[in-house]
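Peer 1: could you look at this predicted model? Sequence included:
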Amino acid sequence: MATSPSLPGVSYVMPVLNEAPYIEAAVQSILDQQYPGPSEIILALGPSTDGTTGIVESMTQRDPRIRIVHNEGTDIPIGLNLAIAASRFPVIVRVDAHTQLMEGYTARGVATLERTGAASLGGVMEAVGRPGVQAAVARAYNSRFGLGGGAYHGTDAPEGPAESAYMGIMRADVLRELGGYDETLRRGEDWELNFRLRRAGHLVWFDPGLRVSYWPRSTYQRLARQFTATGIWRGELVRRLGGGNSARYFAPPLLLIATIASLVLLPLHLAGLLHGWVGIVLGAAYLGPGAYLLLLIGVGLVSGGGPAQRLRYMAVLAIMHYAWAAGFLLGVVRGAGDAVDTSRTES
């Protein structure tokens with residue numbers, strides 16, 4: 001396809017590690033963009049063990065726009081910075097190997113970038129999944145009750161300034177001005193980057209007309225590991241940024257604390273060891289977990305599908321909330337340390 005020199009060039013950057021089932025579709029969704037400006041695809045390839053490396057090398061031989069930079073570790077921010085450093089064009093489009101861009105994503109994103117003057121923008125993450133656990137996880141991702149808060153988890157939020165941007169279509173000069181992604185983070189790097197952009201006076205924008213399909217984890221174990229790691233690093237960000245974090249991040253850990261307290265207090269209440277005003281005051285600990293359980297059951301009942309689908313959905317929601325909360329508390333108390341998300345590297 002002929003390129004138009006009047007349009008800004010676009011560099012797609014993608015961290016890649018153990019993505020054999022998804023990487024070709026992710027890259028193909030970029031190649032199918034038909035963006036009339038010049039473009040390149042830079043894959044930050046980690047030491048994969050599932051055949052991803054061979055797939056990626058084969059793709060580079062078929063299309064000269066695809067290049068590899070080697071990310072010897074597994075840290076996403078380092079891989080992204082390596083890819084950005086190797087990029088040539090003024091617009092950076094982050095793409096994850098577990099995602100697929102909608103048709104016309106790049107053209108619309110670049111137009112919105114120029115129209116708004118934003119430094120970073122993103123759209124809606126639409127999770128998709130194969131039947132079974134992955135479909136339940138996808139439903140939870142797309143539900144306000146599942147992740148909540150971020151505008152990019154639903155199409156009902158209006159276009160406008162945002163706290164963060166999903167993946168991100170960004171101005172390369174501004175990224176370099178701020179030093180790129182924080183390489184000391186292993187999760188939450190997008191949010192932290194957009195926080196620094198906003199703090200520096202730049203505009204972060206949400207465009208609900210931009211959509212990206214995302215393939216989430218497909219087992220309960222991988223989901224729990226992912227959300228524990230994500231929670232740990234959110235706790236680390238709270239330690240670093242304090243009041244810069246939204247109040248909504250504190251709801252899951254408060255639920256977990258109340259649940260643990262309830263499990264400790266319930267046998268004491270049943271044994272009659274807690275009575276009078278002390279028992280009444282301590283009994284307030286049951287309110288949070290009780291309300292959550294009722295809400296969880298209610299969400300499951302109205303979620304549709306057969307009994308197995310409803311139960312899977314409820315289990316996924318509980319795992320997401322409690323695993324994230326446990327990780328968050330660990331991160332706040334002791335920091336993230338060397339915590340990593342092993343949900344992509346272990347079975």
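Peer 2: Here it is on my side, so go on. Numbers count the residues shown, from 1 in each chain.
Peer 1: the nearest residue to Thr342 once chain neighbours are set aside: helix or strand, and which one exactly?
Peer 2: Leaving aside its chain neighbours, Thr342 sits nearest to Arg225 (5.3 Å; criterion: Cβ to Cβ, 6 or more residues apart in numbering). C-beta here means a position set from N, CA and C on the backbone, and glycine is covered the same way. Assigned by DSSP states H and E, Arg225 belongs to helix 220-241.
Peer 1: neighbours of Gly304, just the number please.
Peer 2: Using other Cβ atoms under 10 Å, Gly304 is surrounded by 10 other residues.
Peer 1: flag every buried residue along stretch 53-72.
Peer 2: Buried residues in stretch 53-72, counted by 16 or more other Cβ atoms under 10 Å: Thr53, Ile55, Val56, Met59, Thr60, Ile66, Arg67, Ile68, Val69, Asn71.
Peer 1: test my guess that the fourth one contacts Ile68.
Peer 2: No: using Cβ atoms under 8 Å, Met59 is not in contact with Ile68; the gap is 9.3 Å.
Peer 1: quick check: mean pLDDT of stretch 215-222?
Peer 2: Confidence over stretch 215-222, taken as the mean pLDDT, stands at 94.
Peer 1: ranges for the strands of the stretch 101-250 of the chain?
Peer 2: For the stretch 101-250 of the chain, the strands defined by DSSP state E, counting those that start in this stretch occupy 120-127, 160-161, 169-171, 204-214.
Peer 1: in JSON lines, list the ones you listed along with distance to Thr184.
Peer 2: Putting the strands of the stretch 101-250 of the chain into JSON lines (distance: least, Cβ to Cβ, whole Å) gives the following:
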{"stretch": "strand 120-127", "distance to Thr184": "20"}
{"stretch": "strand 160-161", "distance to Thr184": "27"}
{"stretch": "strand 169-171", "distance to Thr184": "20"}
{"stretch": "strand 204-214", "distance to Thr184": "21"}
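Peer 1: to Pro36, which of the ones you listed lies closest?
Peer 2: Between Pro36 and the strands of the stretch 101-250 of the chain, the tightest spacing by Cβ to Cβ is seen for strand 169-171, at 16.0 Å.
Peer 1: who does that closest one touch, helix- and strand-wise?
Peer 2: For strand 169-171, the packing partners by 3 or more Cβ pairs under 8 Å, 6 or more residues apart in numbering; DSSP states H and E come out as strand 91-94, helix 105-116, strand 120-127.
Peer 1: remind me which residues of the stretch 1-150 of the chain are low pLDDT?
Peer 2: By pLDDT under 70, the weakly predicted segments of the stretch 1-150 of the chain are 1-5, 148-150.
Peer 1: next one: phi and psi at Ile23?
Peer 2: phi -60, psi -40 (degrees, to the nearest 10).
Peer 1: nearest residue to it in space, please, no chain neighbours.
Peer 2: Distances taken as Cβ to Cβ, 6+ apart place Ala97 nearest to Ile23, at 5.1 Å, with adjacent residues excluded.
Peer 1: circling back to that earlier point, could the helices and strands packed on strand 169-171 go into CSV alongside distance to Ser262?
Peer 2: Output for those, formatted as CSV (distance: least, Cβ to Cβ, whole Å):
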stretch, distance to Ser262
strand 91-94, 41
helix 105-116, 46
strand 120-127, 31
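Peer 1: circling back: list the buried residues in the helix holding Arg225.
Peer 2: Within helix 220-241, the residues that qualify as buried are 220, 222-238, counting by 16+ other Cβ under 10 Å.
Peer 1: same check, this time on stretch 100-108
Peer 2: Gln100, Leu101, Met102, Gly104, Tyr105, Thr106, Ala107, Arg108.
Peer 1: same check, this time on stretch 128-135
Peer 2: Residues of stretch 128-135 classed as buried: Val128, Gly129, Val133, Gln134, Ala135 (neighbour count, 16+ other Cβ under 10 Å).
Peer 1: in the residues you listed, find the pair that's most separated.
Peer 2: Val128 and Val133 (13.4 Å).
Peer 1: double-check Val124 against Ala162; I have them as touching.
Peer 2: No: contact criterion Cβ under 8 Å: Val124 and Ala162 do not qualify, at 11.5 Å.
Peer 1: longest helix anywhere in this structure?
Peer 2: helix 307-334 (DSSP state H).
Peer 1: buried residues of that one, list them for me.
Peer 2: Applying 16+ other Cβ under 10 Å to helix 307-334 flags 309-310, 312-317, 319-332 as buried.
Peer 1: packing partners for that helix?
Peer 2: Short answer (3+ Cβ pairs under 8 Å, 6+ apart): helix 307-334 packs on helix 133-142, helix 220-241, helix 251-270, helix 287-301.
Peer 1: next up, the contacts around Ile92.
Peer 2: Residues in contact with Ile92 (Cβ atoms under 8 Å, 6 or more residues apart in numbering) are Val10, Ser11, Val13, Ile84, Gly168, Ile169, Met170, Arg171, Ala172, Leu175.
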